[in-house]
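Visitor: Take this sequence and fold it.
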Amino acid sequence: MNEVKERQKGEMVIEGLSAAPGIAIGPAFIYQRGNIEVDPQKVDSNEIERELQSFEEVRALTIRDLKRISSIGRRGAGNDTSDIIDAQIEIVNDPELQKSVQTQIKEQQFKADFAVCEAFKRYLGLIESSGNKLMIERLVDVRDIRDRMVRKLQHRWQQTNVNERSIIVSDEITPSEIIEFTRNNILAVALNKGGVTAHTSIIANAMSLPLVIGSSIATKVIKNGEKIIVDGTRGRVIIRPCDETLEKYQRLLRQQKRKERNLQKILHLPATTASGEHFSLQANIEFDEELVNIEKFKADGIGLLRTESLFIADGMHLDRSSQEAFYRKSLIVTGNQQVTIRLFDVGGDKILNETRPEANPFLGWRGIRVLLDRKDLLNDQLYAILKVAGEYPGRIKILLPMISTLEELLEVKNEIAKVQQTLRDEGHIIDKNIKVGIMIEVPSTAIQADGFAPYVDFFSVGTNDLTQYVLAVDRGNTLISNLYQQMHPAVWRLIKMTAEAAAKYNKEIAVCGELASKPFGAMCLMGMGISQFSMVPTAIPKVKKILVTHTLDEMKKLTEEVEHAVSYSDMMKIINNWYKENDQNHG
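Guide: So this is what the prediction gives:
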């Protein structure tokens, strides 16, 4: 990242990461929040009550402000975006936080602003030391609350007014700030810092606001008011674009707007191919905030509900009632559609706090291997899922991650039976016919799919992990990123073997990896007999467009070409020729 390219006539390109797709052209607005400063000042005994009162007043004002921002977010991008701000309100209302601040004031006699900073210091420290990437990306949310309260205590007001129809350029911005900025009809955002799964990125996606992150020098090289281009699709920021570049991006912007209008129309079409075969496009969901996209992109339910985000900073899991609430909300949002809940897939790149070192965590203690060793995690999650499943019979499916042996599958099914019996004994209704499936992401499972098929209700092919395992390529290693090829013939062969086993035993099969979100990939999968796909919701329009405009025979013909490929070069020729013949942009 951060690659800077100098072009003709002073044009400069900063390469970052795409956090929300889209293109915007406009004047830059450099937004600098400024750091808070506090001193460990102490007060006299007779001033303690005044400091306590100041804290309570500021706490109430902060809640009022956040509620106002929440209502703006709800109008702009739905209830689930405003839930991000509501979660901040819960932190402000946290009794432990209040107690900590009050203790600092009463016993240490610190001024309220320093007491607030001290109370937040421990909380922030726990998150920073957790090693959990998802939690670390939430640090900006927590700092936002702290800074708001401190500024109010110091009678310093944060200026969040920005120029109308400008592009925000900043070090980082908070979820509350990006929601407030939308009142000024901002066009896009470019940030030095941030994460693609951070709340700011989620809100930007929900509001269709192009966002580039990781462009660490943006605030240093971009001047206030100068014209810039934010290419959120490719993850780049262009400064002082020359006439040729400007004309190119104005043309792309017109195309983007035209495509958006056409894709919105496609979302309302029946999910059938040009020759009449039905297909299903479901959503991959991990956070509450993403649930709004189910309706927005007309997804057929949730094909992959990730549950790793239920872990909190100290590596423990949430209690059963909190899990149940998350599952119920997912079911309510999806109406009468199905929700596939994947059990905790921790380990590997998803950190579970453990002291034991692993030389290669991707091939180690992760997924179902963790859950079978930690039956407390497994049984608590199964209890929550199965209890909610009884309330919504026929709508929940359970997906087991990282299955590599039949013994693992049978052991989990045995645990499911035990938990169901416990629920019966407690007087709960259960879904006797709840479906249980496995992720196909380990090559051994794909090769032996016909051996697993009699014991499962469905397969879900996770092409992201399957690719890295079959090609022996760590997908997070930039040194060999060119070898991570989801379109590799070896990957296709394993998918075909799995599809044939599913057809032989009349079992459902879906693909939930990134391959399903690629229009070309979806066509080939459909040609293999797979008609159920799950993807990031924003990918649904492009995939649906390609499937409704082609016949199944066309897809089968394309699949036959893919099956004859013996190298990745062969695959790229097939892909490029197809796009050229069909006059399609790569997606």
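Visitor: could you list every residue that touches the spatially closest residue to Lys418 that is not a sequence neighbour?
Guide: Computed as C-beta to C-beta, 6 or more residues apart in numbering, the closest residue to Lys418 that is not its neighbour in sequence is Asn379, at 7.8 Å. For glycine as for every other residue, the C-beta is placed from the backbone atoms N, C-alpha and C. With C-beta atoms under 8 Å, 6 or more residues apart in numbering as the criterion, the residues that contact Asn379 are 415, 418-419.
Visitor: From the residues you listed, list the buried ones, please.
Guide: Of all these considered here, the ones buried according to neighbour count by 16 or more other C-beta atoms under 10 Å are 415, 419.
Visitor: Need the contacts of Asn379 in JSON lines (columns: distance to Leu547, secondary structure and pLDDT).
Guide: Compiled in JSON lines, those are given as follows (distance: C-beta to C-beta, whole Å; DSSP: H, G, I helix; E, B strand; the rest coil; pLDDT from 0 to 100):
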{"residue": "Glu415", "distance to Leu547": "38", "secondary structure": "helix", "pLDDT": "97"}
{"residue": "Lys418", "distance to Leu547": "42", "secondary structure": "helix", "pLDDT": "97"}
{"residue": "Val419", "distance to Leu547": "38", "secondary structure": "helix", "pLDDT": "97"}
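Visitor: Can you add distance to Ile179 and give the contacts of Asn379 back as a markdown table?
Guide: Putting these into a markdown table (distance: C-beta to C-beta, whole Å) gives the following:
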| residue | distance to Ile179 |
| --- | --- |
| Glu415 | 43 |
| Lys418 | 45 |
| Val419 | 40 |
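Visitor: what's the single longest strand in the chain?
Guide: In the chain, with assignment by DSSP state E, the single longest strand is strand 23-31.
Visitor: Can you tell me the strand partners of that one and which way each runs?
Guide: Strand 23-31 pairs in its sheet with strand 167-170 (parallel), strand 227-231 (antiparallel), by DSSP bridges.
Visitor: Show residues contacting it.
Guide: When contacts are defined by C-beta under 8 Å, 6+ apart, strand 23-31 is touched by residues 162-163, 165-170, 173, 177, 186-188, 210, 219, 222-233, 241, 246, 249-250, 252-253, 256.
Visitor: do that again at 7 Å, thanks
Guide: With C-beta atoms under 7 Å, 6 or more residues apart in numbering as the contact definition, strand 23-31 has outside contacts at 162-163, 165-170, 173, 187-188, 210, 219, 222-233, 249-250, 252-253, 256.
Visitor: just the buried members of these?
Guide: Listed as buried from the contacts of strand 23-31 are 162-163, 166-170, 173, 187-188, 210, 219, 222, 228-232, 249, 256; burial here means 16+ other C-beta under 10 Å.
Visitor: Distance from the chain centre to the longest strand of the chain, please.
Guide: Distance, stretch centre to chain centre, for strand 23-31: 25 Å (C-alpha atoms, centre = their mean, to the nearest Å).
Visitor: That one - what's its average pLDDT?
Guide: Confidence over strand 23-31 (mean pLDDT, whole number) is 93.
Visitor: now swap in stretch 60-72 and tell me
Guide: Model confidence over stretch 60-72 averages 74 on the pLDDT scale.
Visitor: Numbering from 12 from now on, please.
Guide: OK, 12 is where the count begins now, so the last one is stretch 71-83.
Visitor: Next one: Thr416 relative to Ser455, how far apart?
Guide: 8 Å (C-beta to C-beta, to the nearest Å).
Visitor: about what we covered before: can you add distance to Gly37 and mean pLDDT and give the strands paired with strand 34-42 back as a markdown table?
Guide: Compiled in a markdown table, the strands paired with strand 34-42 are given as follows (distance: least, C-beta to C-beta, whole Å; pLDDT from 0 to 100):
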| stretch | distance to Gly37 | mean pLDDT |
| --- | --- | --- |
| strand 178-181 | 5 | 92 |
| strand 238-242 | 7 | 95 |
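Visitor: Figure out which of the ones you listed is closest to Ile74.
Guide: Across the strands paired with strand 34-42, the minimum distance to Ile74, taken as C-beta to C-beta, is reached by strand 178-181, at 25.2 Å.
Visitor: Going along the chain, name the helices of the stretch 212-361 of the chain.
Guide: Taking DSSP state H, counting those that start in this stretch as the test, the helices found in the stretch 212-361 of the chain are 229-232, 254-278, 303-307, 331-344.
Visitor: Please name every helix or strand in contact with the second one.
Guide: It stands for helix 254-278. strand 34-42, helix 551-559 (3 or more C-beta pairs under 7 Å, 6 or more residues apart in numbering; DSSP states H and E).
Visitor: what's the angle from the last one to helix 254-278?
Guide: This points to helix 551-559. Counting by axes from the mean of the first three to the mean of the last three C-alpha atoms, to 10 degrees, helix 551-559 points 70 degrees away from the direction of helix 254-278.
Visitor: Quick check: buried residues in the next helix or strand after helix 551-559?
Guide: Where DSSP states H and E defines the elements, the next helix or strand beyond helix 551-559 is helix 563-575. Of the residues in helix 563-575, those buried by neighbour count under the rule 16+ other C-beta under 10 Å are 563, 565-566, 569-570, 572-573.
Visitor: One more: stretch 494-501?
Guide: When neighbours are counted by 16+ other C-beta under 10 Å, the buried residues of stretch 494-501 are found to be 494-500.
Visitor: Could you list the domains of the chain?
Guide: Using automatic domain parsing, the domain parsing of the chain gives 15-44+170-259, 56-164, 283-593.
Visitor: what's the closest residue to Lys556 other than its chain neighbours in contact with, if anything?
Guide: Using C-beta to C-beta, 6+ apart and skipping residues adjacent in sequence, the residue nearest Lys556 is Ile277, 5.0 Å away. Taking C-beta under 7 Å, 6+ apart as the definition of contact, the neighbours of Ile277 are 552, 555-556, 559.
Visitor: Ile277 and Lys553: what is the separation?
Guide: The separation that Ile277 has from Lys553, given C-beta to C-beta, amounts to 9 Å.
Visitor: elements contacting the lengthiest helix in the chain?
Guide: The single longest helix within the chain, with elements called by DSSP state H, is helix 59-88. Where contact means 3+ C-beta pairs under 7 Å, 6+ apart, helix 59-88 is packed against helix 90-103, helix 106-117, helix 123-141, helix 150-164, helix 186-192.
Visitor: Good, we can wrap up now.
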